[in-house]
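A.B. asks: Predicted model, plus sequence, below.
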Amino acid sequence: MTEANTPRVRWATPGDAAAVADRIAAELAKPGEKRLAMTGGSTPLKVFALLKDRGLDWRGATLALTDDRRVPDDHPASNFGKLFAALGDSGAKFERLEEGAPVAPFDLVWLGMGEDGHVASLFPTMQALVRPGATVIATTPIPLPPEAPFDRLTLTARALKATKEVILVVTGASKKALIEDVLAGNADYPVSDFLRGADGPPVTIYWSE
Ligand SMILES: O=C1O[C@H](COP(=O)(O)O)[C@@H](O)[C@H](O)[C@H]1O
């Protein structure tokens with residue numbers, strides 16, 4: 001596996017769903033209130049199921065989403081719907097995405113990544129829309145991804161980087177290759193913003209097949 005090119009980026013070993021659940025459980029075990037940004041998409045579903053089964057104490061946690069599709073909560077593409085279905089009765093507090101709302105710093109930001117290198121709903125064609133402030137913005141991916149052709153709400157890169165740590169959770173050979181290309185400086189995608197350079201929160205990459 002290619003080594004990360006900055007000391008603040010590392011690959012977790014193992015990087016499977018159980019390891020991600022362990023990382024979230026460790027965060028919940030810390031004393032006091034904590035704010036977690038949770039990824040959407042399909043990759044987190046296995047982790048959500050593991051977390052639900054573990055019977056953890058979520059009462060000190062506020063859960064926000066990194067981004068969502070602008071669909072009703074009961075729509076199959078709703079990131080909030082999936083998160084709430086898994087953890088709605090866990091005792092966690094939920095913070096809804098609201099366009100223009102300021103975003104307070106996080107203790108942990110859990111990012112996924114699309115096959116096109118997008119993170120949250122910051123897509124390759126939308127670099128100009130990555131606003132400098134830590135807020136929630138409305139976006140429309142161009143072109144619309146066929147698997148999820150929806151308008152979006154997303155935290156800005158600034159909001160996502162205002163955290164003690166980022167975990168980037170991906171599956172599959174092509175996403176791993178894309179990340180390795182970014183780390184080697186051979187490619188540029190929205191995820192690059194989180195992986196390159198010495199500045200920014202520490203990033204742990206969880207990869208599994
Ligand atoms: O649209 C989205 O896609 C990415 C990646 O999703 P996945 O299905 O490939 O896991 C996700 O990180 C983002 O939150 C979501 O809204």
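C.D. replies: Perfect, I can see it now.
A.B. asks: From here on, just use CA atoms for contacts and neighbour counts.
C.D. replies: OK.
A.B. asks: Can you name the next helix or strand after the longest helix anywhere in the chain?
C.D. replies: Criterion DSSP state H: the longest helix present in the chain is helix 17-29. Using DSSP states H and E, the helix or strand that follows helix 17-29 in sequence is strand 34-38.
A.B. asks: Whichever helix or strand comes after that following strand and the ligand in contact?
C.D. replies: Downstream of strand 34-38, the next assigned helix or strand under DSSP H and E is helix 45-54. No. Using Cα under 6 Å from any ligand atom, we find that helix 45-54 stays clear of the ligand, coming within 8.6 Å at best.
A.B. asks: Tell me which other helices or strands helix 45-54 touches.
C.D. replies: The helices and strands touching helix 45-54, judged by 3 or more Cα pairs under 8 Å, 6 or more residues apart in numbering; DSSP states H and E, are helix 17-29, helix 79-87.
A.B. asks: Can you list the low-confidence ranges for this protein?
C.D. replies: Filtered on pLDDT under 70, the chain yields the residue ranges 1-6, 127-130.
A.B. asks: let's see 50
C.D. replies: For the chain, residues meeting the criterion pLDDT under 50 lie at 1-3, 5.
A.B. asks: How about the residues of it by the ligand?
C.D. replies: Residues of the chain lying near the ligand by Cα under 6 Å from any ligand atom: 39-43, 67-68, 111-114, 119-121.
A.B. asks: wait, residue 49 sits on residue 84?
C.D. replies: No. With contact defined as Cα atoms under 8 Å, residue 49 does not reach residue 84; the gap is 11.6 Å.
A.B. asks: This structure: helices as residue ranges?
C.D. replies: Here the chain has its helices, by DSSP H, at 17-29, 45-54, 79-87, 157-161, 173-183, 192-195.
A.B. asks: Output the ones you listed in TSV, with mean neighbour count and distance to residue 201 appended to each entry.
C.D. replies: Formatted as TSV, those follow (neighbours: other Cα atoms under 10 Å; distance: least, Cα to Cα, whole Å):
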stretch	mean neighbour count	distance to residue 201
helix 17-29	17	16
helix 45-54	16	23
helix 79-87	20	24
helix 157-161	23	6
helix 173-183	18	16
helix 192-195	20	8
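A.B. asks: that older thread, most neighbours among the residues of the chain next to the ligand, which one?
C.D. replies: Counting neighbours by other Cα atoms under 10 Å, residue 67 leads these with 29 neighbours.
A.B. asks: Residue 182 versus that residue, what's the distance?
C.D. replies: Counting by Cα to Cα, to the nearest Å, the gap from residue 67 to residue 182 is 22 Å.
A.B. asks: And residue 116, by the same measure?
C.D. replies: If you go by Cα to Cα, the gap between residue 116 and residue 182 works out to 12 Å.
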